[in-house]
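Participant: Test case, fold it:
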Amino acid sequence: MRFAVCLLLPGLLAACSQAEEAPDVAAALASDPLAARALHDPLMSDPDLSALSEANAAFGFAGDSALPVIPATPEAAQAAREAGRIELLEAGEIAPLPDPAGGTPAVPGRGASAGELLAALGAPAACGSALQQGFVWAASLPPPAAIMPQGMAVRAAGSPAPACQLRLVRYHTAAAAPDVLEYHYNRALRAGLAAQRSSDVGEGLIAKAAGGETLLVSVRPTASGLTEVDLAYRKP
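Facilitator: The predicted structure is shown next:
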């Protein structure tokens, strides 16, 4: 009997050791953003989330939102706002955000078709099939279309074709919509673009320069309390 107990004891000790070394779930999620998103995303069965359906949307390509969720708290919103304003102040005074301009065309936002988005940018319809997906397009944005500090890119695409020269990026931020618009308004002005604020459908900016350079910015709240931002940029 003692011999049998001695044989079983090492196995029991090993089992206890393995139990004590159970994997850290939080650490596992931190290293697997897809799993984190699956756990944190709202249930698609919620009828209030019907707007998330993007079967025909220009931004509705696969592999989006593959990053952990950022907190939607007042502290995070204030930190994002301050980070954006500090960046702007480093280059000079911050121009106040104007009121929406009457008669300004609506900015294509969530659910906009590729054709609508390309038309708003003045790009040929053929550019839709020339888009390449990948977060590299969010990492190489021109200065007028830079993502706000502490923003999190969730979708990105672009086309280097001479007739297209497109950048399409969607990102999330804890900053409030007015702070987001103020940031992009000032970035556009400093790049030499004439910017107007539009609120015909949601909220956004339209900025253009001679030669066809165009920036479109569309903002809206998300179900999680963050601000969702669509950036569409073209410089032919």
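
Participant: ranges for the helices of the protein?
Facilitator: For the chain, the helices defined by DSSP state H cover 2-20, 25-31, 33-40, 74-89, 114-121, 136-139, 177-190.

Participant: pLDDT (mean, whole number) over the longest one?
Facilitator: The average pLDDT within helix 2-20 is 45.

Participant: ok, now the last one?
Facilitator: Mean pLDDT, helix 177-190: 96.

Participant: now for it, which elements pack on it?
Facilitator: Applying 3 or more C-beta pairs under 8 Å, 6 or more residues apart in numbering; DSSP states H and E, we find helix 177-190 packed against helix 74-89, strand 194-198, strand 203-208, strand 214-221, strand 227-234. C-betas here are computed from N, CA, C, even on glycine.

Participant: Spatially nearest residue to residue 137, not counting backbone neighbours?
Facilitator: Using C-beta to C-beta, 6 or more residues apart in numbering and skipping residues adjacent in sequence, the residue nearest residue 137 is residue 158, 3.8 Å away.

Participant: so how far is residue 218 from the residue nearest to residue 146 when sequence neighbours are not counted?
Facilitator: Counting by C-beta to C-beta, 6+ apart, residue 146 lies nearest to residue 187, which is 5.9 Å off, once chain neighbours are set aside. Residue 187 sits 15 Å away from residue 218, going by C-beta to C-beta, to the nearest Å.

Participant: do residue 173 as well
Facilitator: From residue 173 across to residue 218, the span is 13 Å (C-beta to C-beta).

Participant: For the two, indicate the residue with more neighbours.
Facilitator: Set side by side, residue 173 and residue 218 show more neighbours around residue 173, with 29 against 26, by other C-beta atoms under 10 Å.

Participant: All good on my end, thank you.
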